[in-house]
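Enquirer: dropping the sequence and predicted coords here.
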Amino acid sequence: METLKYKGFIGSINIDMEDLSLYGKVLGLDKKTLILYEGKDLVELKQDFESAVDDYIEHCIANGLPLHKSYSGTFNVRISPELHAKIAMSAQSSGMSLNAYIQKVLASSFL
């Protein structure tokens, strides 16, 4: 999947086949924040994406609001207590914290 990247924000690239235009939204933000952009070609789409990100940053600064970037690095996963215990024991036997162990396991699945 191709994406746009700018100042720590990641944006989607979508095609509207009906009017042959491009559009997207910034990914990985909180549920209250929606940043959309569009363009007739990739150059225009990228320019509108960057402009939308800049506008969002300026809005947050001007209004003293927290700035939410794409994918903060924190997420919650709900699992069964049994699986939680197994993972915790594996982490402990590896001499790692639960967080470090899960990071290692997840990272190895993408190599």
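Expert: Structure's in. What do you need?

Enquirer: how close does Gly39 get to Lys46?
Expert: Note on Gly39: its distance to Lys46, by Cβ to Cβ, to the nearest Å, is 7 Å. No exception for glycine: its C-beta is placed from N, CA and C like everyone else's.

Enquirer: so what touches the helix-or-strand element of the chain with minimal mean pLDDT?
Expert: Scoring the helices and strands of the chain by mean pLDDT, DSSP states H and E places helix 98-108 at the bottom, with a mean of 90. Residues from elsewhere that reach helix 98-108 (Cβ atoms under 8 Å, 6 or more residues apart in numbering): Ile87, Ala88, Ser90, Ala91, Ser94, Met96.

Enquirer: buried stuff in that helix?
Expert: Tyr101, Ile102 (16 or more other Cβ atoms under 10 Å).

Enquirer: and the lengthiest strand in the chain, which strands flank it?
Expert: Longest strand of the chain, by residue count under DSSP state E: strand 21-27. Strand 21-27 has the following strand partners under DSSP bridges: strand 9-12 (antiparallel), strand 14-16 (antiparallel), strand 36-39 (antiparallel).

Enquirer: centre of the chain to the first one, how far?
Expert: The chain centroid and the centroid of strand 9-12 are separated by 7 Å, computed with Cα atoms, centre = their mean, to the nearest Å.

Enquirer: what residues does that strand touch?
Expert: So strand 9-12 is contacted by 1, 3-5, 24-28, 35, 37, 49, 53, 69-71 (Cβ under 8 Å, 6+ apart).

Enquirer: start and end of stretch 14-25, how far apart?
Expert: Start-to-end span of stretch 14-25 (Cα to Cα, to the nearest Å) is 9 Å.

Enquirer: let's test this: mean pLDDT of that stretch, rounded?
Expert: For stretch 14-25, the mean pLDDT works out to 95.

Enquirer: now swap in stretch 39-58 and tell me
Expert: 97.

Enquirer: what helices or strands is the longest helix along the chain leaning on?
Expert: Counting residues, the longest helix found in the chain (DSSP state H) is helix 42-62. Applying 3 or more Cβ pairs under 8 Å, 6 or more residues apart in numbering; DSSP states H and E, we find helix 42-62 packed against strand 3-6, strand 9-12, strand 21-27, strand 36-39.
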